[in-house]
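> next input, structure requested:
(one chain, ligands or ions: 2)
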Amino acid sequence: MVEKTILVEKKKEMKEEIVDKKLLEKASQKLEEKRDEKVIVLKVEEKVEEKKQINKEISIEELPGVGAATAEKLREAGFDSMLSIAVASPGELTEIAGLTEATARKIINTARHKMDMGFVSGNELLEKRRNIGKISTSSKAFDALLMGGIETNGITEVYGEFGSSKTQIGHQLAVNAQLPKEQGGVEGMVCYIDSEGTARPERIKSMAESLKLDPIKILNNIKFIRAFNSDHQMLIINKIEDLIKNEKLPIKLVVVDSLMSHFRSEYVGRGTLSDRQQKLNKHMHDLLKLAETYNLAVYLTNQVMANPAIFFGDPTTPVGGNIVAHASSVRIYVRKGKKGTRVARVIDAPHIPDSECAFRITEEGIRDIE
Ligand code: ADP
Ligand code: MG
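Ligands and ions are numbered 1, 2, ... in the order given. This is a model prediction of the structure:
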């Protein structure tokens, strides 16, 4: 039922987009008459182009061998656009949509041929990167490790053992996201999805007070929501889009603490693993889309397991597999260090060298080691 409702809503959205496109085209025609407002015309055209792109991407039924049933399966698994299919691996599609490997290959190749791969110039990319905000962790060493803080327009994942500070970092970011840019914030509101029941407003209060901020205002700008199961957790992401689009809330940080607890407990045993990964893939796609569409930061916490394949060094591995690994732009491993400190290590981020730093947790929040 839930999936059906989502599909119906998606269809509605598609229709709205088409109407939108026509409106935008009209607007751009009118604006063209005014020569001196060329810049605005360009912006409108850009938006129309974007919308065209979205409309073009939606029709995955155009692919050979993709009937209504397969399309529905693919969509449910988050493969709802040409781009997502073009960049998928045959293995992913066979596992998720139950296709044969040959069909999966054919679909992927056609998607690659059909779509404009979206080349942008280096300057355009640079411009996009310029608009990216960074949220401070309140530790200079940790911020330096992250080249300024956790970024908007992407997903930052922190994984580590119980008690390693994942939740504390989430609380600190929820406060700091509200600060002005000069003070390490992005002047936004926060949505805090709590799946483990560990969100503590009183911690937010102490962190806010230590920065001489009004705790009532700070708490007011954080929308806490308890996720009761994985379906609910996924539905919340749609609701956030609603809050931004319709209620115009300037949400700039989404905290998911933790990503996997419901998925892990609901899908036990290997038989259900592919069902789980299919849903998880959709969830990660939704989060990434939210981050990129609204230039907001997603902070995920993740649990760990011991990887029996690692004989030397630390066998601690995040759960969730490749699907989570691919979607996260930055992965950070946190662990307990000497004398109650914590150590953060960046794992394969595109713009940050693999390196680590130490910090501590105090009553006031995350801080440097003196
Ligand atoms: P995780 O989410 O990784 O399981 P947490 O973020 O909940 O871990 O970190 C818990 C740790 O944070 C505690 O073990 C404690 O060391 C520290 N901590 C929590 N609250 C405070 C506080 N008020 N003052 C100092 N340290 C605290
Ligand atoms: Mg926690």
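> remind me which residues of this structure are low pLDDT?
Filtered on pLDDT under 70, the chain yields the residue ranges 1-58, 116-118, 270-271.
> tell me the residues of it that contact ligand 2?
Within reach of ligand 2 by Cβ under 5 Å from the ion, the chain has these residues: 166-167, 198. (Glycine included, C-beta is placed from N, CA and C.)
> which element, helix or strand, includes Ile332?
In the assignment (DSSP states H and E), Ile332 maps to strand 330-336.
> identify all contacting residues around the helix or strand following that strand.
Remark: after strand 330-336, the chain's next helix or strand is strand 342-347, criterion DSSP H and E. Applying Cβ atoms under 8 Å, 6 or more residues apart in numbering, the external contacts of strand 342-347 come out as 142, 145-146, 158, 164-165, 330-337, 352-361.
> ok, then the element right after strand 342-347?
Counting by DSSP H and E, the next helix or strand C-terminal to strand 342-347 is strand 356-362.
> state the distance from Glu92 to Tyr192.
Using Cβ to Cβ, to the nearest Å, one gets 31 Å for the distance from Glu92 to Tyr192.
> does Leu300 count as helix, strand or coil?
Put simply, Leu300 is strand when judged by DSSP: H, G, I helix; E, B strand; the rest coil.
> that one against Met260, yeah?
No. Between Leu300 and Met260 there is no contact under Cβ atoms under 8 Å: 9.0 Å.
> can you list residues touching both of those two?
Val324.
> need the three-state assignment for Gln158.
Just to correct that, residue 158 is Val rather than Gln. Following three-state DSSP, the label given to Val158 is strand.
> Glu247 now?
Assigned state for Glu247: coil (three-state reduction, three-state DSSP).
> now it: how far from Lys223?
Using Cβ to Cβ, Glu247 is found at 11 Å from Lys223.
> of the two, who's got more company?
Lys223 (16 against 8; other Cβ atoms under 10 Å).
> hey, what's the more buried one bridged with?
Beta bridges link Lys223 to Cys191, judged by DSSP bridges.
> again with Asp257
With DSSP bridges as the rule, Asp257 is bridged to Asp194.
> quickly find the element holding the residue of the chain found nearest ligand 2.
Per Cβ to the ion, Thr167 is where the chain lies closest to ligand 2, at 3.3 Å. Using DSSP H and E, Thr167 maps to helix 166-176.
> tell me the helices and strands packed up against that helix.
Packing partners of helix 166-176 (3 or more Cβ pairs under 8 Å, 6 or more residues apart in numbering; DSSP states H and E): strand 154-159, strand 189-194, helix 201-210, strand 251-257, strand 297-302, strand 365-367.
> can you tell me the strand partners of the strand holding Ile332 and which way each runs?
Here strand 330-336 is paired, per DSSP bridges, with strand 154-159 (parallel), strand 342-347 (antiparallel).
> what about stretch 93-105, how long is it end to end?
Across stretch 93-105, the terminal residues are separated by 9 Å (Cα to Cα, to the nearest Å).
> can you list contacts of that stretch?
Under the criterion Cβ under 8 Å, 6+ apart, residues 65, 70, 73-74, 77, 79, 85, 90-91, 107-108, 274, 277-278, 281 lie in contact with stretch 93-105.
> among those residues, which pair sits farthest apart?
The span of the contacts of stretch 93-105, defined through Cβ to Cβ, is set by Gly65 and Gln277 at 21.8 Å.
> out of these two, which sits in the busier spot?
Taking neighbours as other Cβ under 10 Å, Gly65 and Gln277 compare with Gln277 leading, 21 against 13.
> hang on, the earlier thing: out of the helices and strands packed on helix 166-176, the one nearest Phe228 is which?
Closest among the helices and strands packed on helix 166-176, using Cβ to Cβ: strand 189-194, at 10.4 Å.
> spell out which residues of the stretch 251-370 of the chain are next to ligand 1.
Within the stretch 251-370 of the chain, the positions near ligand 1 by Cβ under 6 Å from any ligand atom are 361-363.
> show me what counts as buried in stretch 141-155.
141-143, 145-146, 149-155 (16 or more other Cβ atoms under 10 Å).
> could those residues go into a markdown table alongside secondary structure?
A markdown table is the format used below for these (three-state DSSP):
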| residue | secondary structure |
| --- | --- |
| Ala141 | helix |
| Phe142 | helix |
| Asp143 | helix |
| Leu145 | helix |
| Leu146 | coil |
| Gly149 | coil |
| Ile150 | strand |
| Glu151 | strand |
| Thr152 | coil |
| Asn153 | coil |
| Gly154 | strand |
| Ile155 | strand |
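> closest to Val268 among those?
Ile155 (25.7 Å).
> just to check, that closest one is in contact with Ser328?
Yes. Here Ile155 lies in contact with Ser328, judged by Cβ under 8 Å, at a distance of 4.8 Å.
> quick one: common contacting residues for the two?
Leu300.
> picking up where we left off before, winner for burial among the strands paired with strand 330-336?
Among the strands paired with strand 330-336, ranked by average contacts under mean count of other Cβ atoms under 10 Å, first place goes to strand 154-159 (a mean of 24).
> contact partners of that one?
Contacts to strand 154-159, defined as Cβ under 8 Å, 6+ apart, come from residues 146, 150, 166, 169, 259, 284, 287-288, 291-292, 297-304, 318, 324, 327-334, 344.
> from those residues, list the buried ones, please.
146, 150, 166, 169, 259, 284, 287-288, 291, 297-304, 318, 324, 327-334, 344.
> which residue sits closest to Glu157 in space, ignoring its chain neighbours?
Nearest non-adjacent residue to Glu157, counting by Cβ to Cβ, 6 or more residues apart in numbering: Ser328, 4.0 Å away.
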